[in-house]
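S.K.: need the 3D shape of this:
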Amino acid sequence: MTVEAGGDARVPYRPGGLTRAEVAERVARGEVNDVPVRSSRSAVDIVRGNVLTRFNAIIGVLWVIMLVVAPIQDSLFGFVIVANTGIGIIQELRAKKTLDGLAVIGEAKPTVRRDGGATEVSTSAIVLGDLIELGPGDKVVVDGVVAEADSLEVDESLLTGEADPVLKRAGDTLMSGSFVVAGGGAFTATKVGRAAYAAQLAEEASRFTLVHSELRSGISTILKYVTWMMIPTATALIISQLFVKDVNFKNSIARTVGGIVPMIPEGLVLLTSVAFAIGVIRLGRKQCLVQELPAIEGLARVDVVCLDKTGTLTEGGMDVKELRALNGSDEAYVKRVLGALGESDPRPNASLQAIIDAYPDSEDWRCTEALPFSSARKYSGAAFSEGDGQTSAWLLGAPDVLLPDGDPVLDRIESLNQQGLRVLLLARVSGELDDPETARKARASALVVLEQRLRPDAAGTLTYFADQNVDAKVISGDNAVSVGAVAAKLGLPGAEHTVDARRLPAEREQMAGALEDGVVFGRVTPRQKRDMVGALQSRGHTVAMTGDGVNDVLALKDADIGVSMGTGSEATRAVAQIVLLNNSFATLPSVVAEGRRVIGNITRVATLFLTKTVYSVLLAVLVVAFQVEYPFLPRHLTLLSTLTIGVPAFFLALAPNKERAKPHFVRRVMRYAIPAGLIAATATFGTYLLAGHHYSGPGALDAETSAATLTLFLVSIWVLAIIARPYTWWRIGLVAAMGLGFLLVLVVPWLQDFFALKLVGTTLPWAAVGIAAVGAALLEFAWRWVGRKFPA
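M.R.: Take a look at the predicted model:
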């Protein structure tokens, strides 16, 4: 057969695929699948993103001005920005290296036929006309036409929205982005690279991104408002200092810059990027591939995690524990049937693989028809010519699907399910295998009892989720009682209350209520998994879904966070935001903890940065209103920012934090930053005015500045002390070290001169301490009042 390849070109179908020479010709012509992979930003983008920012431009201009008109001490803020930018670039490049390395490990490798043999190649190495093999769980990576089909069923819902799988025959079109749910076959690539359907839809959406998260969008919102506040305030300050006050011109410029620079929360964006980057590096060491950075933040917000039993709570492999012949069937004959069934499926699932291992094939049986396993049907089947002229047809699958309610065999199975064993029914049938009516007339011949291997790390992980107030829901296609028994062995609370999903209400609101009440759900279809995720989300839950099979793809796609195992199907790895390459369920708590650390700590330190912005803007407004000199030089605010924000924020941002992330980031930060900034500005300006009346003479302004600096430092260190709660030994040490650093500046002569800080007399310094103490008391009151009045 021949298939269309683009315009009028024809790509011949050959069972052996392309030759090596033909592949080379196509590569030379550019007919290769050069789609951009979902990976990290380029090094150029990282440098550009860290250097070319609005605030860097503002600070850069101010830095150049200060280098010209003032001593080097007043230009320290510029060196700090250079160092911060360098740190951000280095950490993001480290994260890029980690992500790129893991992406190569986790990349799907389709099987293509070349020179008559099957070989695995990377997706980007596929060329036009390649013959690509397909099996259950495989993703269709390029557009093509079916060349071979063996009961090939393809799910196109991610592209078309059509829920039911489509049966594909030779000559039918396949679209990239769909995936195989049952059967197998091969197809010829007719469109590759950016011409492929899914590549056209997903090229932009699948690129590495940092922006689609509440944390980063919240920070962007804050920065937008800060910019709006800065422009009129800075303009008024410049006019006030340069044209109204009759003082030294260079000194006025220095104090004007000193008023503008602290308005900019420049370190906040940097610290967020660094926290995310370090999170990626930490998770990378645990073989966890984060395909979208906001997934780290998303898992921190999760309050329900839906777990697929197979491959998550249990390992992929199984063992045949027992074979029970039914209705007088001969056990030896049944074993021959099972061996033939195993041989009939070229890509067996875990259950069938266990049967293959236990019962070798009988060579004189020939398969005449096969029905691949489907998660929707819950059974597979095959018809045979038995070698002695006899023919037979068989189904192998879920007993409670193949047998009618009330069948006495089901009573015998119940006790096995209660032990956590998996039970398959072998039934003889007559008629078309894919006809549902054939299954209803099945005659039970034997029970195959399978023992599942529990993951040794699953119990500890379930305990972690319980401790963190994250509800775990086990959702499986297996028998509900059997799944409940497995969950109970692992210590999952409420595992004894099992629900058969076939009896769940279809209406979303009622389903959501049943899901909130239940813990273990069995006999769930792929469509139901998707509906269950949606029902939980409709109740305001943030839902994570774990899975490794093709039946999990739709639910993984719709969940807030999709988590796939590294050995999962190509389709599940493609849609998941997080891939556990080591296949260890125990890695998941590390991801949750990393997300909580990032978002919880950034919320903390954002309050520090924005408190500085608020008090800087208010101080500028008060200076303009009272027509006085701005109280600080840039060196003073560089010192205060370093000791009360920069250094402590770095440590606090990387500290452990187990608190579940809460929504409304902007509101939660600003509800504390505004009153704290207001108190700091009022206390500082009060001290400054009081010092202005107290001191006189040539050195009066320096003395006034020193007193105001003392008050602002004490109030700011109190804000830090509040932010650092709950206290641990290192948090107390951190606050104390910052206080000691400021004390050294006050008592060491050369530091006094360098920072132009020298307390004059005792009356005003003690008055400054007293005003700061009142400010600290007001901070404590405001913190408690805000917590009650504006709960998060």
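
S.K.: hang on, residue 655 packs against residue 600?
M.R.: No. Applying C-beta atoms under 8 Å, one finds residue 655 not in contact with residue 600, separated by 9.2 Å. The C-beta positions use only the backbone N, C-alpha and C, and glycine is treated the same way.

S.K.: and the two? Which one has more around it.
M.R.: Using other C-beta atoms under 10 Å as the criterion, residue 655 and residue 600 rank with residue 600 on top: 20 against 16.

S.K.: quick check: which ranges of the stretch 51-200 of the chain have low pLDDT?
M.R.: Scanning the stretch 51-200 of the chain for pLDDT under 70 picks out 99, 101-108, 157-164, 196-200.

S.K.: how about the helices in it?
M.R.: 54-69, 76-106, 157-160, 197-202 (DSSP state H, counting those that start in this stretch).

S.K.: list the buried residues in the longest one.
M.R.: Which is helix 76-106. 76-78, 80-81, 84-85, 87-89, 91-93, 95-96, 98-99, 102-103, 106 (16 or more other C-beta atoms under 10 Å).

S.K.: what packs against that helix?
M.R.: helix 43-51, helix 54-69, helix 266-284, strand 288-290, helix 634-641 (3 or more C-beta pairs under 8 Å, 6 or more residues apart in numbering; DSSP states H and E).

S.K.: now for those, which one comes closest to residue 141?
M.R.: strand 288-290 (18.2 Å; C-beta to C-beta).

S.K.: centre of the chain to that closest one, how far?
M.R.: Its chain's C-alpha centre and that of strand 288-290 lie 9 Å apart, by C-alpha atoms, centre = their mean, to the nearest Å.

S.K.: grab the nearest non-local neighbour of residue 385.
M.R.: residue 366 (4.6 Å; C-beta to C-beta, 6 or more residues apart in numbering).

S.K.: tally of neighbours for the one you found?
M.R.: 14.

S.K.: residue 631 too?
M.R.: 29.

S.K.: quick check, it in a helix?
M.R.: No. Going by DSSP: H, G, I helix; E, B strand; the rest coil, the assignment for residue 631 is coil, not a helix.

S.K.: and it, its phi and psi?
M.R.: phi -70, psi -20 (degrees, to the nearest 10).

S.K.: and it, what does it touch?
M.R.: By C-beta atoms under 8 Å, 6 or more residues apart in numbering, residue 631 lies in contact with 255, 619, 623, 684-685, 688, 704-705, 708-709.

S.K.: what does residue 371 give?
M.R.: Residue 371 touches 151, 379-382, 395, 433-434, counting by C-beta under 8 Å, 6+ apart.

S.K.: of these, which is the nearest to residue 786?
M.R.: residue 379 (60.2 Å).

S.K.: beta partners of the closest one?
M.R.: Note on residue 379: beta-bridge partners by DSSP bridges are residue 374, residue 397.

S.K.: which ones are touching it?
M.R.: Counted by C-beta under 8 Å, 6+ apart, residue 379 has contacts 371, 373, 395-398, 401-402, 439.

S.K.: now render those as CSV, adding pLDDT and distance to residue 122.
M.R.: As requested, these are exported to CSV (pLDDT from 0 to 100; distance: C-beta to C-beta, whole Å):
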residue, pLDDT, distance to residue 122
371, 86, 33
373, 82, 29
395, 92, 39
396, 92, 36
397, 89, 36
398, 88, 37
401, 86, 39
402, 89, 41
439, 85, 41
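
S.K.: surely residue 599 meets residue 298?
M.R.: No. Taking contacts as C-beta under 8 Å, residue 599 lies outside contact range of residue 298: 9.4 Å.

S.K.: closest to the centroid, which residue in the protein?
M.R.: In the chain, the centroid-proximal residue (C-alpha atoms, centre = their mean) is residue 295; its distance is 1.4 Å.

S.K.: so which strand or helix has that residue?
M.R.: Element membership for residue 295, per DSSP states H and E: helix 294-301.

S.K.: now the closest residue in space to residue 67 that isn't next to it in sequence: how far from residue 65?
M.R.: Excluding the flanking residues, the one nearest residue 67 by C-beta to C-beta, 6+ apart is residue 75, at 5.1 Å. Distance, residue 75 to residue 65, by C-beta to C-beta, to the nearest Å: 9 Å.

S.K.: please apply the same query to residue 349.
M.R.: Taking C-beta to C-beta, one finds residue 349 at 70 Å from residue 65.

S.K.: next: residue 540.
M.R.: For residue 540 relative to residue 65 (C-beta to C-beta), the value is 51 Å.

S.K.: more neighbours: which of those two?
M.R.: residue 65 (15 against 9).

S.K.: residues touching the more buried one, list them.
M.R.: 253, 257.

S.K.: and the longest helix seen in the chain with helix 266-284, angle?
M.R.: For the chain, the helix that runs over the most residues, judged by DSSP state H, is helix 588-626. Between helix 588-626 and helix 266-284, the angle formed by their directions is 180 degrees, by axes from the mean of the first three to the mean of the last three C-alpha atoms, to 10 degrees.

S.K.: reformat the helices and strands packed on helix 76-106 as JSON lines; add distance to residue 361.
M.R.: Output for those, formatted as JSON lines (distance: least, C-beta to C-beta, whole Å):
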{"stretch": "helix 43-51", "distance to residue 361": "54"}
{"stretch": "helix 54-69", "distance to residue 361": "69"}
{"stretch": "helix 266-284", "distance to residue 361": "43"}
{"stretch": "strand 288-290", "distance to residue 361": "38"}
{"stretch": "helix 634-641", "distance to residue 361": "75"}
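
S.K.: residue 120: which of these is closest?
M.R.: Closest among the helices and strands packed on helix 76-106, using C-beta to C-beta: strand 288-290, at 19.0 Å.

S.K.: helices or strands up against that closest one?
M.R.: Right, strand 288-290 is packed against helix 76-106, helix 266-284, strand 578-580, helix 588-626 by 3+ C-beta pairs under 8 Å, 6+ apart.

S.K.: out of these, the one nearest residue 670 is which?
M.R.: Closest among the helices and strands packed on strand 288-290, once you apply C-beta to C-beta, is helix 588-626, at 6.7 Å.

S.K.: in that closest one, what's buried?
M.R.: Here helix 588-626 shows 588-624 as buried, counting by 16+ other C-beta under 10 Å.

S.K.: swap in stretch 745-765?
M.R.: 745-746, 754-757, 759-760, 764-765.

S.K.: do stretch 728-747 as well
M.R.: For stretch 728-747, by 16+ other C-beta under 10 Å, it's 731, 734-735, 738-739, 742, 745-746.

S.K.: ok, back up a step: got the contact list for the residue nearest to residue 385?
M.R.: Residue 366 touches 384-385, 387, counting by C-beta under 8 Å, 6+ apart.

S.K.: which one of these is nearest residue 663?
M.R.: Using C-beta to C-beta, the contacts of residue 366 come closest to residue 663 at residue 384, 58.6 Å.

S.K.: for the closest one, list each beta-bridge partner.
M.R.: residue 367, residue 392.

S.K.: what about the spatially closest residue to residue 658 that is not a sequence neighbour, distance to residue 366?
M.R.: Distances taken as C-beta to C-beta, 6+ apart place residue 596 nearest to residue 658, at 5.9 Å, with adjacent residues excluded. Residue 596 sits at a distance of 58 Å from residue 366 (criterion: C-beta to C-beta).

S.K.: what does residue 638 give?
M.R.: In terms of C-beta to C-beta, residue 638 sits 84 Å off from residue 366.

S.K.: now do residue 530
M.R.: Taking C-beta to C-beta, one finds residue 530 at 39 Å from residue 366.

S.K.: now do residue 742
M.R.: When residue 742 is compared with residue 366 (using C-beta to C-beta), they lie 88 Å apart.

S.K.: can you tell me which helix or strand of this structure has the lowest average pLDDT?
M.R.: strand 2-4 (a mean of 34; mean pLDDT, DSSP states H and E).

S.K.: circling back to that earlier point, need the buried residues of stretch 745-765 in JSON lines (columns: distance to residue 521, secondary structure and pLDDT).
M.R.: JSON lines is the format used below for those (distance: C-beta to C-beta, whole Å; DSSP: H, G, I helix; E, B strand; the rest coil; pLDDT from 0 to 100):
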{"residue": "745", "distance to residue 521": "63", "secondary structure": "helix", "pLDDT": "92"}
{"residue": "746", "distance to residue 521": "65", "secondary structure": "helix", "pLDDT": "91"}
{"residue": "754", "distance to residue 521": "68", "secondary structure": "helix", "pLDDT": "88"}
{"residue": "755", "distance to residue 521": "65", "secondary structure": "helix", "pLDDT": "86"}
{"residue": "756", "distance to residue 521": "69", "secondary structure": "coil", "pLDDT": "83"}
{"residue": "757", "distance to residue 521": "66", "secondary structure": "coil", "pLDDT": "87"}
{"residue": "759", "distance to residue 521": "69", "secondary structure": "coil", "pLDDT": "86"}
{"residue": "760", "distance to residue 521": "74", "secondary structure": "coil", "pLDDT": "85"}
{"residue": "764", "distance to residue 521": "71", "secondary structure": "helix", "pLDDT": "90"}
{"residue": "765", "distance to residue 521": "68", "secondary structure": "helix", "pLDDT": "92"}
